[in-house]
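> here is a sequence together with a model predicted from it:
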Protein chains: 2
Amino acid sequence: MNNTDPLALAQQRIAPLLTAALGRLGNQSLALGDAIQYSLQAPSKALRPALVWASCQALGMDPALGDRAAIAIECIHTYSLIHDDLPAMDDDDLRRGQPSCHIAHGEAHAILAGDALQALAFEALADPAWPLLAQGQLAASVTALARAAGGAGMVDGQSLDLLAENQSTGLDQLELMHSRKTGALIRACCEIGGLSANADPMQLDTLIQIGQTLGLAFQVQDDVLDVTASTEALGKPAGSDHDQNKSTFVTLLGVAESQALVDDMLSGVNSLASSLPNPAPILAIVARLSQRNA
Amino acid sequence: MNNTDPLALAQQRIAPLLTAALGRLGNQSLALGDAIQYSLQAPSKALRPALVWASCQALGMDPALGDRAAIAIECIHTYSLIHDDLPAMDDDDLRRGQPSCHIAHGEAHAILAGDALQALAFEALADPAWPLLAQGQLAASVTALARAAGGAGMVDGQSLDLLAENQSTGLDQLELMHSRKTGALIRACCEIGGLSANADPMQLDTLIQIGQTLGLAFQVQDDVLDVTASTEALGKPAGSDHDQNKSTFVTLLGVAESQALVDDMLSGVNSLASSLPNPAPILAIVARLSQRNA
């Protein structure tokens, strides 16, 4: 394969895994299955699965060890997009280049599709069809995913984000909100990827730091792209943060300083990765992110 | 303690466990914490925790082995009530004798509280603070909870229920819908309770049958109570099924035949329980259910 873009490779790798997970969903309601499939199979950057696999590979291990975690985290991410887009939340009509789930499948089934995807994530993580994780690894993985997704993570961040609308927010609060809303799940990719590949405690700590830094870098970059990229490239309305009168890294720091912060953080990730047995897959993701335009 | 009502005992036992789980939630958003606490600490029948503990005790084991499962299942149940009550779903303003979560805390935070409670359920189930389950038990418990809660269970049942509104439904479809909407989680109480207490495969199978039968009996009884009990006793609007023009066991079979079906199923549960080492706790729940008026 000539294509060495790590996100394109992750997109190719995650697609059949998600299809298989959908095939085992066990739904009787076709409407529910349709809504889930619509959102889970929409074009995704596949950043999170790519990070899971790169974290396994960084330890010199087979990325397949991270398959169940990659599916789980992509299910959580997709559910969060569906619920965030709901009229009572961010009320976004466009997502991943297509009408949002509640536009295409109705509000009730968008709520239910998100709910089912969260359950499917934990089912995938504990799937006995794959070789068993060691006892502590499975418990630690479920705990890490639950905390990253729930009231100490993503859901908390979405709440903080909603409460911050039409308020000016300081840099510390903005960073806290993002560290939860998007950072926690990105961090969990590296943590659960590492757990899946038998990371020792020092390696696990390094992977967690990598995930945490990447998560924030990714969000600052999102804020930059929200003012510099097109709606077509983003697959969601450009300028939507500004329309909602939200503080962003760009409104607080400006575009140039925000971009410099991204560059600093990405180079910090490269330094962290260099202490791991096989840093190349993480470096490749960093290089790819530094060039992204959407 | 003179009170031997197994549901009253379960209410007393689950309350501090839920308070402790809330204390570890880790939220920064007070609005999110408030919405979660509001719903999780509202008066609950505590049938599901009672079943988890009775399933442990039925095997002659300490009910404390089921604590994590009891918390997890009560979190899932509470989240499902919050989401089912949303305007886009059943649009119910009253729940557990108080305004529904979205009435008291707004629609966005009702969605988020439900989402966080689902994550908290899995966190509780994998909680390393309790003695570790054997490897296979933890994986099997997470899988059982995820399937009972998700697209092969409760969420699927809610979707089937929504699709059945204003349609006449046959008995088979009604039973399928209920076996998913409420039956799957009640069955999971007995299954995960059994897994938590080291059930052997035959005991586990018996517990699953007990849970499945009880789940259906409970739902048929709900349909009966919907036409025979008061709004005050129910803590939700009486006659709401009829208002929504839904088929129920009562509309299909009548009150008397529905009640006879409940009695048959409850006596079937008693027979099943008699093969277990210590059937008394399950018999006590059956006796309590046969007398319930709400």
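Yep, that arrived.
> strands of the stretch 101-250 of chain A, start to end?
Using DSSP state E, counting those that start in this stretch, the stretch 101-250 of chain A contains no strands.
> near chain B, which residues of the stretch 151-294 of chain A are found?
Within the stretch 151-294 of chain A, the residues that sit near chain B (CB under 8 Å from any CB of the partner chain) are A:151-153, A:155-156, A:158-160, A:162-163, A:176, A:180. For every residue, glycine as well, the C-beta is placed using N, CA and C.
> out of those, which is nearest to chain B?
For those, the minimum distance to chain B (CB to the nearest CB) is 2.9 Å, reached by A:Ala152.
> dump the residue contacts of the closest one.
Going by CB atoms under 8 Å, 6 or more residues apart in numbering or on different chains, A:Ala152 touches A:180, A:184, B:25-27.
> ok, and the most crowded of those residues?
Using other CB atoms under 10 Å in any protein chain shown as the neighbour criterion, A:Arg180 leads the contacts of A:Ala152 with 27 neighbours.
> would you confirm that it contacts A:Gly150?
No - with contact defined as CB atoms under 8 Å, A:Arg180 does not reach A:Gly150; the gap is 10.1 Å.
> common neighbours of these two, please.
Contacts common to A:Arg180 and A:Gly150, judged by CB under 8 Å, 6+ apart, are A:Asp156.
> hang on, the earlier thing: take the residues of the stretch 151-294 of chain A next to chain B and write them to TSV, including pLDDT and distance to B:Ala287.
Shown next, in TSV, are these (pLDDT from 0 to 100; distance: CB to CB, whole Å):
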residue	pLDDT	distance to B:Ala287
A:Gly151	98	37
A:Ala152	97	41
A:Gly153	98	43
A:Val155	98	40
A:Asp156	98	43
A:Gln158	97	45
A:Ser159	97	43
A:Leu160	96	48
A:Leu162	94	47
A:Leu163	93	48
A:Leu176	96	52
A:Arg180	97	47
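> and the residue nearest to A:Val250 when sequence neighbours are not counted, how far from chain B?
Of all residues not flanking A:Val250 in the chain, A:Asp223 sits nearest, at 4.8 Å (CB to CB, 6 or more residues apart in numbering or on different chains). Applying CB to the nearest CB, to the nearest Å, the value for A:Asp223 to chain B is 20 Å.
> and if you look at A:Ala54?
Using CB to the nearest CB, A:Ala54 is found at 25 Å from chain B.
> residue contacts, that residue?
Contacts for A:Ala54 (CB under 8 Å, 6+ apart) come out as A:6, A:63, A:193, A:281-282, A:284-285.
> by mean pLDDT, point me to the weakest helix or strand of chain A.
The helix or strand of chain A with the poorest confidence is helix A:240-243; it has a mean of 60 (mean pLDDT, DSSP states H and E).
> tell me who's in contact with the residue nearest to A:Gln158 when sequence neighbours are not counted.
Leaving aside its sequence neighbours, A:Gln158 sits nearest to A:Lys181 (CB to CB, 6+ apart; 5.7 Å). By CB under 8 Å, 6+ apart, the contact set of A:Lys181 is A:154, A:157-158, A:160-161, A:219.
> what about 6 Å?
Going by CB atoms under 6 Å, 6 or more residues apart in numbering or on different chains, A:Lys181 touches A:157-158, A:161.
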